[in-house]
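In: What follows is a predicted protein model with its sequence.
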Amino acid sequence: MRILVISDSHRNQRVVDKIIQGQPSAEHVFFLGDNTDDIEDFIYMYPEKSFHIVSGNCDFSSHFKSTDTITIDNKKILFTHGHTLGVKYSLQGIITKAKEENCHIALYGHTHISRTLYEDGLWIVNPGSCSRPRDSSPSYAVIDITEKGIMPIIINI
């Protein structure tokens, strides 16, 4: 099972389209906010994929939650933009929330800095920003869930 994780596109639908087209085997697409309008059209363009969307601090009129959970292949995933959990200052809020929810994976955005971290049975993944990075280059994440485990990777665009 392949999961695609995108965040912080900030009105750059072209790059979102490029990422989705570049990962045809991804069955699930997570969009972690800032600007949810950038992803909504793709729900109809790719009906074979499942889309999971949360709103960010720049999504003022969005109808999406800021944090949600879902179980895929018996792995529970917390996904959030992260601004309501203080991820710019510490990961403790998202780690605590994910552990309370018995999650295997916690996804967040907001910082525009890509990161993967494994702590005490929990994978924590920030795909970075696909259009306005604060680290090396625009990026997104791919997470493969197999019988051997969970493997997240950051892909620079």
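Out: Cool, got the structure.
In: What strand or helix carries I19?
Out: helix 13-22 (DSSP states H and E).
In: Assign I3 to helix, strand or coil.
Out: strand (DSSP: H, G, I helix; E, B strand; the rest coil).
In: which residues touch the helix holding I19?
Out: 4, 6, 9, 26, 29, 31, 38-39, 41-42, 46, 49, 130-131, 138, 140, 157 (Cβ atoms under 8 Å, 6 or more residues apart in numbering). C-betas here are computed from N, CA, C, even on glycine.
In: Equivalent analysis for stretch 94-111, please.
Out: With contact meaning Cβ under 8 Å, 6+ apart, stretch 94-111 is reached by 5, 7-8, 30, 32-34, 56-57, 67, 69, 75-83, 85, 87-88, 119-127, 129, 134, 141, 143, 150, 152.
In: Filter those residues down to the buried ones, ChimeraX style.
Out: Buried residues among those (16 or more other Cβ atoms under 10 Å), as a ChimeraX selection:
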select :5,7,8,30,32,33,34,56,67,69,75,77,78,79,80,81,82,83,85,87,122,123,124,125,126,127,129,141,143,150,152
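In: Mind checking which of the contacts of stretch 94-111 land in strands?
Out: Among the contacts of stretch 94-111, DSSP state E puts 5, 30, 67, 69, 75-80, 119, 122-126, 141, 143, 150, 152 in strands.
In: Centre of the chain to the helix or strand bottoming out on mean pLDDT in the chain, how far?
Out: Using mean pLDDT, DSSP states H and E, the weakest-scoring helix or strand in the chain turns out to be helix 37-45, at a mean of 93. Computed by Cα atoms, centre = their mean, to the nearest Å, the chain-centroid distance of helix 37-45 equals 15 Å.
In: May I have the strands that pair with whichever helix or strand comes after it, each with its orientation?
Out: Following helix 37-45 in sequence order, the next helix or strand is strand 50-53 (DSSP H and E). Looking at strand 50-53 with DSSP bridges, its partner strands are strand 28-31 (parallel).
In: Any buried residues in the partner strand, and which?
Out: H28, V29, F30, F31.
In: where's the first one relative to K18, distance?
Out: Computed as Cβ to Cβ, to the nearest Å, the H28 to K18 distance reads 18 Å.
In: Check D135 too.
Out: 19 Å.
In: what does I95 give?
Out: From I95 to K18 the distance is 32 Å (Cβ to Cβ).
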